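Asker: mind looking at a prediction? Sequence and model below.
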Amino acid sequence: MPRQFWVETLGCPKNQVDSDKLTGTLLADGMVAADSPSDADVVVVNTCAFIEAARQESIDVILALDGARKTGAELVVTGCMAERYGSELAEAMPEITRVAPFGSPLAGPLADPAAEPVPAGGVRAQPVQLGPTRSRPAAATAAGLALPAFDLLELPRPAATAPWAYVKVAEGCDRNCGFCAIPSFRGPQRSRPLDAILAEVDALGGVQEVVLVAQDLAAYGRDQGRGTRQIVPLVRAVAERVPWVRLLYLYPSDLTDELVDTVLATGVPYFDLSLQHVSPPLMRRMRRWGSGEVFTQRIAEIRRREPGAAFRSNFIVGYPGETEADHDALLAFVADTGLDWCGFFAYSEEAGTHGATLEPKVPAGLISERLAELRELQDSITATRRDDLIGTTATVLVDRPGVARSMREAPEIDGIVTVPPELAAGRFHPVTITDAQGPDLVAVPAGSPEGGRR
């Protein structure tokens, strides 16, 4: 009987693509997917290490799956935590059978062949504590060494099981944002060849929507020796293959007029802008480009071209030195621009980053108060913008019976559109919005008697 595997994915959509690639290698090795972690012979945890909360979630999941796995099953940890902490992670968590950093196949020797792994379900007596370490990609880059030839980017992946799929077009990042440690363990930007990306899109099995992702998506192709970014040709080429193309994580300085026109031409006028804050003094401390005034003008320009455009962004709260004036500037920006979707996150001090060297630190209690104020404001804005859609018509893609999305909702991130279960999954349907329930909408087929405004 073939060995069975289970892959648990944590973190961002880019990690989900990595998991798809890992799944493809396990299937190619003759293994089969298990129905649950307790049935698997190999349990793989693809971890996130972006901020402290993500690392703690990864640790909690590893321990939970250790308790759930059957006797003799392997517990393999990969992803960002495996890369960032390596042997330290293996030492701190003897429950793990193998730590597999980027560029390491899941099959192979144990991280410490001399160590006896903790039996499945072993009881942990001490909390897991991981200190700052120098990651392998950073060390390799400093030493002038090549990155691993075994690159998840170009591994095959199974056909998509949903009518949409993430496609990662590059790995790593060349920016030096003050709060982010990703370049230290993901390495410099490495863009995939256009032909390889299009071949992956073609192999996905007829998806209706492709969501392009990367650490710095708009910079795609800048590292390929052409001197210019190639994101526009990429989007146009993918749009020739699938009805919907969505872009996630656009650095605002790279949002050129040509790129805006290209996004609008896809029929998915959805702009996910990586803004992080709006106060110029704080932006400089963050080593970021832009300001609230610049962002407001750019968003207004896009809305003039396409009044129905949808916008999402994320903001960091409590970066060292954030003053009440900085916070008030962010509150005013959120209130005035009325973005459809916003995420607010407490600053997490990451070893080795510029932010970790800065003073003064913002007290945790004050960060919590600022987060609550921003989230309450944005919840009201999102609810109002959703209410404004009642009575309008839209085209939706049904992801599964009863659950759909319009161009305004990115999969797994934003709200959903609840539709009658008889609408065929994997297809586009015209609908009329009849109700709004917080971030979610309710719709019926266009032309239905119940489709009038309530």
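Answerer: Ah, there it is.
Asker: who touches the one helix or strand Val235 maps to?
Answerer: Element membership for Val235 (DSSP states H and E) is helix 231-239. Residues outside helix 231-239 that contact it (C-beta atoms under 8 Å, 6 or more residues apart in numbering): 167, 169, 194, 197-198, 201, 210, 212, 217-221, 245, 247, 254, 258-259, 262-263, 265-266. Where you see a C-beta, it was placed from the backbone N, CA and C, and this is true even at glycine.
Asker: please apply the same query to stretch 397-409.
Answerer: 162-164, 208-209, 244, 246, 267-270, 310, 340, 389, 394-396, 411, 414-429, 431, 441, 443.
Asker: which of those residues fall within helices?
Answerer: Using DSSP state H, no member of these falls within helices.
Asker: out of these, which are buried?
Answerer: 162-164, 208-209, 244, 246, 268-270, 310, 340, 389, 394, 396, 411, 414-420, 423, 428-429, 431, 441, 443 (16 or more other C-beta atoms under 10 Å).
Asker: got the contact list for Gly205?
Answerer: Gly205 touches 159-160, counting by C-beta under 8 Å, 6+ apart.
Asker: and Thr434, how far is that from Leu248?
Answerer: To Leu248, Thr434 is 29 Å away according to C-beta to C-beta, to the nearest Å.
Asker: and the residue nearest to Ser253 when sequence neighbours are not counted, what does it touch?
Answerer: Excluding its sequence neighbours, the residue lying closest to Ser253 (C-beta to C-beta, 6 or more residues apart in numbering) is Trp289, at 4.5 Å. By C-beta under 8 Å, 6+ apart, Trp289 lies in contact with 251-253, 283.
Asker: helices - which of these land there?
Answerer: Met283.
Asker: grab the longest strand from this structure for me.
Answerer: As assigned by DSSP state E, the longest strand anywhere in the chain is strand 428-437.
Asker: direction included, what does that one pair up with?
Answerer: Its sheet considered, strand 428-437 pairs with strand 393-400 (antiparallel), strand 440-445 (antiparallel) by DSSP bridges.
Asker: closest one to Ile316 among the ones you listed?
Answerer: Checking the strands paired with strand 428-437 against Ile316 by C-beta to C-beta gives strand 440-445 as the closest, at 26.6 Å.
Asker: convert that closest one to PDB, retaining C-alpha atoms only.
Answerer: Taking Å, rounded to 0.1, in the frame of the first residue of the first chain, the C-alpha atoms of strand 440-445 are listed here in PDB:
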ATOM      1  CA  ASP A 440     -20.300  39.300   3.000                       C
ATOM      2  CA  LEU A 441     -23.000  39.800   0.400                       C
ATOM      3  CA  VAL A 442     -26.100  37.800  -0.600                       C
ATOM      4  CA  ALA A 443     -27.200  37.600  -4.200                       C
ATOM      5  CA  VAL A 444     -29.700  35.900  -6.500                       C
ATOM      6  CA  PRO A 445     -29.600  35.200 -10.200                       C
END
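Asker: need the contact partners of that strand.
Answerer: 386, 389, 394, 396, 404, 406, 415-420, 423, 429-436, 450-451.
Asker: may I see the buried residues of the longest strand of the chain?
Answerer: Applying 16+ other C-beta under 10 Å to strand 428-437 flags 428-429, 431-434, 436 as buried.
Asker: possible to save these as a markdown table with pLDDT and distance to Gln230?
Answerer: Converted to a markdown table, the buried residues of strand 428-437 look like this (pLDDT from 0 to 100; distance: C-beta to C-beta, whole Å):
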| residue | pLDDT | distance to Gln230 |
| --- | --- | --- |
| Phe428 | 98 | 29 |
| His429 | 98 | 34 |
| Val431 | 98 | 36 |
| Thr432 | 98 | 40 |
| Ile433 | 98 | 37 |
| Thr434 | 98 | 42 |
| Ala436 | 98 | 39 |
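Asker: would you mind listing the buried residues in stretch 7-24?
Answerer: Those would be 7-24, for stretch 7-24 by 16+ other C-beta under 10 Å.
Asker: one more: stretch 53-61?
Answerer: Here stretch 53-61 shows 54-55, 58-59, 61 as buried, counting by 16+ other C-beta under 10 Å.
Asker: which outside residues touch it?
Answerer: 8, 10-11, 45, 47-49, 79, 81, 93, 128, 130, 346, 348.
Asker: if we use 6 Å, what do you get?
Answerer: If you take C-beta atoms under 6 Å, 6 or more residues apart in numbering as the criterion, stretch 53-61 is touched by 10, 45, 47-49, 81, 128.
Asker: cool, and stretch 364-377?
Answerer: 317-318, 327, 334, 344, 346.
Asker: and if you look at stretch 63-82?
Answerer: 37-38, 40-49, 58, 95-101, 106, 120-121.
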